[in-house]
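Engineer: The following comprises the amino acid sequence and a computationally predicted model.
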Amino acid sequence: MDRTRPLSLLLAGALALGGLAALAPAAQAADSELARNGGFEAGLDGWSCTAGSGAVITTPVHGGTKALQATPAGSDNAKCSQTLTVRPNSAYTLSGWVRGSYVYLGVTGTGTADGYAWTQSAPDWQKLSKTFTTGANTTSVTVYTHGWYGTPAYQADDLSLFGPGGDPVTIPATPTGLAAGSPTSTTVPLTWPAVAGATSYKVYRGGTLVATVTGTSYTATGLTANTPYSFQVSAANSAGESAKSTAVSATTTSGGGGGGGELPARALVGYLHSSFANGSGYTRMADVPDSWDVINLAFGEPTSVTSGDIRFSLCPATECPNVESAADFKAAIKAKQAAGKKVLISIGGQNGQVQLATTAARDAFVTSVSKIIDEYGLDGLDIDFEGHSLSLQNGDTDFRNPTSPVIVNLIQAIKTLKAKYGAKFVLTMAPETFFVQLGYQFYGSGPWGGQDPRAGAYLPVIHALRDDLTLLHVQDYNSGPIMGLDNQYHSMGGADFHIAMTDMLLTGFPVAGNAERFFPGLRPDQVAIGLPASTQAGNGHTTPAEVNKALDCLTKKTNCGTYQTHGTWSSLRGLMTWSINWDRFNQWEFSRNFDAYTWN
């Protein structure tokens, strides 16, 4: 990048004071370098890259020690841009050095004729240049570089915009006129007038930042029914952030999203090994104690990983000598339901990999799951996809708009089932922490590839179905250390892990650290804590005393230890365990402790 140039016009000789005064009204700002961090020596400071596609590299570089590398993926062309202040009716030169195939350097917002320079192939550094003139009312332009769809990564360095500088950017004014629209039981829509000079707006709920948006509207989601909320908004640009607006209040309506409204305020959820035996022994449906409010039949499994065709049958007598007949099993289900219990079919598990990679698999899933629900008279569905069932394709980086077929087809299939069975359909999910809370740090393969594509892969499913979701009970076991909202790692087995992991679900978090992609928290009544029932049931067993500490902290904000929650979640729904069979094996320690705990 040409970092300095001589002035195009020099004043020769001394002018009289009066002459200077006469020339002053027509004086123009001196040409200067306007691009911020055009050599990328300060990382991506000043630059915004689509879908997290940009990264700073140390080789190859054109000048200095760093350069930009951006990778197109899917429908993203890896555009990196910067908005700069300019003067009306002025001439500018945009230039930069690039490497790669089909690399573009351009400008928009000129007020005259936007344009770009490009190269089809630059195996080594090649300079691109574009001149333009601003319009009569132009005060800012956006310069950019991008690649092309389906091409490899490109590099750019020493990007420059040379010309007369515009007026300094100032912090925008505080927004006025913030208004709340008609709330639902889980959402509040917000709008406000635009603020001159603002490039983004920050939305606060109860004084906590929950979103950054570029438009003048935002819908708060994941709220609790019949609850008052307070919102503020500020305006921001490259100079900084304004003060927060006057707060506006809104109260959500009664009711709420998610099926299973007949669940008790405190629910105990357990998995029943119905189709297999293990060291815990077989437990008949009729022998399940009344403590259990939701009984998940483990498991419905596919005929093949990609078929979508789910089958369920009782454990064979050769494996489970005390198994009941199908008729007795169905009669016991009806008896449980008559007592107010919910019985669901759980799909997946450790061995039941399910990948709905095609629409045919999606439709087979709907048909086969419906057949199981109808045959056994069940109340709904539990999604326990583990292993490699869910993963994100390269370029699928926004949980709000997933593009990976296994994700999209699963969402569509569940919505179809929900529509078929109606409001009383119970929908629960039991993902591992790797697929949910790990999304705070990593999401899919990442902006540069190389990460595990399964990281955070449940987030788009949970988000798309949050208004249909009855319960989310993440498995707080068989997990490695996970970073919480305090940016500290937490390890399973004690109260601290459950407090931190559950607080993340209820507070929400920026996905992969991106504040503009904020995963909104769920309602407390949609969340239960998942734990193993005994030391034999899974890694990360938590003693009853530590379970109670976690419940105390989350629902009463006592016994919290070093981690401080972002709220007091008094309506937390309850606990889930793997499994009813293992709890029986362990003398019902888990369920007895749940029954004895004092919630309020």
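Structural biologist: That came in fine, so what should we check first?

Engineer: and the spatially closest residue to T303 that is not a sequence neighbour, what pLDDT?
Structural biologist: Distances taken as CB to CB, 6 or more residues apart in numbering place D309 nearest to T303, at 4.6 Å, with adjacent residues excluded. (C-beta placed from N, C-alpha, C; glycine too.) In this model, D309 is scored at 97, pLDDT.

Engineer: which residues sit in contact with D309?
Structural biologist: P302, T303, A364, F365, S368 (CB atoms under 8 Å, 6 or more residues apart in numbering).

Engineer: Of those, which is the most crowded?
Structural biologist: F365 (25 neighbours; other CB atoms under 10 Å).

Engineer: so it is in which element?
Structural biologist: Using DSSP states H and E, F365 sits within helix 359-376.

Engineer: Tell me how many other residues crowd the closest residue in space to R36 that isn't next to it in sequence.
Structural biologist: Closest residue in space to R36, ignoring its immediate chain neighbours: G46 at 3.8 Å, by CB to CB, 6+ apart. Neighbours of G46 under the rule other CB under 10 Å: 15.

Engineer: What of the one 5 residues further on?
Structural biologist: Neighbour count for A51, taken as other CB under 10 Å: 22.

Engineer: Three-state assignment for A327, please.
Structural biologist: Classification of A327 using DSSP: H, G, I helix; E, B strand; the rest coil returns helix.

Engineer: ok so, going back, and the residue nearest to T303, how close does it get to R523?
Structural biologist: Distance from D309 to R523, counting by CB to CB, to the nearest Å: 34 Å.

Engineer: can you tell me how far the residue nearest to T303 sits from I407?
Structural biologist: Distance from D309 to I407, by CB to CB: 19 Å.

Engineer: picking that back up, so can I have a markdown table of the contacts of D309 showing pLDDT and distance to L161?
Structural biologist: Supplementary listing: the contacts of D309 in a markdown table, determined by pLDDT from 0 to 100; distance: CB to CB, whole Å:
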| residue | pLDDT | distance to L161 |
| --- | --- | --- |
| P302 | 96 | 56 |
| T303 | 96 | 60 |
| A364 | 97 | 55 |
| F365 | 97 | 53 |
| S368 | 97 | 59 |
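
Engineer: ok, so of those residues, who is nearest R205?
Structural biologist: Nearest to R205 among these, counting by CB to CB, is F365 at 36.5 Å.

Engineer: wait, the closest one sits on T306?
Structural biologist: No. Counting by CB atoms under 8 Å, T306 is not a contact partner of F365; they are 10.8 Å apart.

Engineer: Quickly list what's touching both of those two.
Structural biologist: Taking CB under 8 Å, 6+ apart as the criterion, F365 and T306 both touch L356.

Engineer: And for S280, the neighbour number?
Structural biologist: 20.

Engineer: ok, back up a step: pull the most distant pair out of the contacts of D309.
Structural biologist: Farthest-apart pair in the contacts of D309 is T303 and F365; separation 11.3 Å (CB to CB).

Engineer: low pLDDT regions in this protein?
Structural biologist: The chain contains residues with pLDDT under 70 at 1-29, 75, 254-261.

Engineer: what about the helices in it?
Structural biologist: Counting by DSSP state H, the chain has helices at residues 17-23, 326-338, 359-376, 405-421, 459-464, 495-507, 544-556, 580-585, 589-596.

Engineer: closest to A70 out of those?
Structural biologist: Smallest distance to A70 across those (CB to CB): 23.7 Å, for helix 459-464.

Engineer: Can you give me the neighbour number for L159?
Structural biologist: Other residues close to L159 by other CB under 10 Å number 27.

Engineer: can you count the residues close to G52?
Structural biologist: The local packing of G52 (other CB under 10 Å) involves 22 other residues.

Engineer: Please apply the same query to the one 10 residues further on.
Structural biologist: Burial of H62 is recorded as 19 neighbouring residues (other CB under 10 Å).

Engineer: isn't it right up against L159?
Structural biologist: No. Here H62 lies out of contact with L159, judged by CB under 8 Å, at a distance of 10.0 Å.

Engineer: Which neighbours do these two have in common?
Structural biologist: Counting by CB under 8 Å, 6+ apart, the common neighbours of H62 and L159 are W97.

Engineer: Name the residues linked to V103 by a beta bridge.
Structural biologist: Counting by DSSP bridges, V103 forms beta bridges with T119.

Engineer: roughly how far apart are it and M576?
Structural biologist: V103 is 51 Å from M576, by CB to CB.

Engineer: A235 too?
Structural biologist: Separation of A235 from M576 (CB to CB) stands at 43 Å.

Engineer: Repeat that for Q82.
Structural biologist: For Q82, the distance to M576 - CB to CB - is 48 Å.

Engineer: what about these two, which has more around it?
Structural biologist: More neighbours surround M576 than the other of Q82 and M576, with 27 against 22 (other CB under 10 Å).

Engineer: tell me the contacts of the more buried one?
Structural biologist: L268, V269, G270, A430, L471, H473, A528, I529, G530, L531.

Engineer: Which single one of these is nearest to K420?
Structural biologist: Taking CB to CB as the measure, L471 is the one of the contacts of M576 closest to K420, at 19.8 Å.

Engineer: Test my guess that the closest one contacts L268.
Structural biologist: No. L471 sits out of contact with L268 when judged by CB under 8 Å, with a separation of 11.2 Å.
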